[in-house]
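A.B. asks: Got a predicted model here, sequence first, then my questions.
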Amino acid sequence: MTRATDDVIIKTVSRIFTPFIQIFALYVIMHGHHSPGGGFQGGVILGASFILLVITQGLDKTRRRFSQKLDTIFCSIGLLIYSGIGILCLILGGNYLDYSKLNKILPVIAAEARSLGILGIEIGVGIGVMAVMYSIFSDIVTGGE
Amino acid sequence: MEKFFLGIGIGLCFLVLLCLYRGIFGPTVLNRLAGISAIGTKTLVILLLMGFIYDRVDMFMDISMVYAILNFIGTLAVAKYLETKGEV
């Protein structure tokens, strides 16, 4: 499962296809409040693009671009963005994840601050889900070494 | 036009049942894999037809694109697994 495939069609198609999947995942994350999707769904698509790379190009070649250390860092950054925005709202005098209190530090009205807060949460969730998906897949594939 | 899309959708649902038969009772693993993959493709078209019927094709377009991507990756993963196990 971890070595590269020898089929030239699958290799070429996946190499051309992966950037488009990632762009589409970013669109799903950023456009989540107008259309179906959001942080979790976009993160799953972003993780699926890396899983496609592992299946077709091999685990070693993928890890050269996106190492396990970087994966752990991304995982922590996603969680940090999510809980950081939540606790920031707590510090500014609201409830946990009460985004409208963010207008004390942002130069916008309360409704816009709520929209921006939700966008920040979705970016954090997307990064976290992507990193966790990839790490679960690579753990299963390698037997946890 | 709505009746036309509805008729095509019901016809595709019937074809999904035929593919499901091949997926359940298929003699070999490869027949099952092809049947499941065909069901995914038909579901994609049914989703788009639902979008035309409800007049919100921009929303259903996103869902069907995600479905197509995940169907592609899933079929590839199962094929790679079978190749690794040496069943084919």
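C.D. replies: Cool, the structure landed. Predicted, not measured: the structure shown is a model, and the values here were computed from it.
A.B. asks: Which pLDDT value goes with the most centrally placed residue in chain A?
C.D. replies: Closest to where the C-alpha atoms of chain A average out (CA atoms, centre = their mean) is A:Ile127, at 2.6 Å. For A:Ile127, the pLDDT comes out at 94.
A.B. asks: Now it. Nearest residue, chain neighbours left out?
C.D. replies: Excluding its sequence neighbours, the residue lying closest to A:Ile127 (CB to CB, 6 or more residues apart in numbering or on different chains) is A:Gly78, at 3.7 Å. (C-beta placed from N, C-alpha, C; glycine too.)
A.B. asks: OK, contacts around that neighbour?
C.D. replies: Applying CB atoms under 8 Å, 6 or more residues apart in numbering or on different chains to A:Gly78 gives the contacts A:Gly124, A:Val125, A:Gly126, A:Ile127, A:Gly128, A:Val129, A:Met130, A:Ala131.
A.B. asks: Now residue 48. Nearest residue, chain neighbours left out?
C.D. replies: In the absence of a named chain, this looks at chain A. Excluding the flanking residues, the one nearest A:Ala48 by CB to CB, 6+ apart is B:Ile73, at 5.4 Å.
A.B. asks: Can you look at chain B instead?
C.D. replies: B:Ser64 is the one closest to B:Leu48 (CB to CB, 6+ apart), at 5.4 Å.
A.B. asks: Kindly tell me how buried the one you found is, as a neighbour count.
C.D. replies: Using other CB atoms under 10 Å in any protein chain shown, the number of residues around B:Ser64 comes to 20.
A.B. asks: How about B:Leu47?
C.D. replies: 19.
A.B. asks: surely it meets B:Ser64?
C.D. replies: Yes: using CB atoms under 8 Å, B:Leu47 is in contact with B:Ser64, at 4.4 Å.
A.B. asks: Tell me how many other residues crowd the residue nearest to A:Ala48.
C.D. replies: B:Ile73 has 20 neighbours, counted by other CB under 10 Å.
A.B. asks: got it, and the one 4 residues further on?
C.D. replies: One way to gauge burial is a neighbour count; for B:Ala77, by other CB under 10 Å, it gives 17.
A.B. asks: Over to it: give its phi and psi.
C.D. replies: In terms of degrees, to the nearest 10, the main-chain angles of B:Ala77 are phi -70, psi -40.
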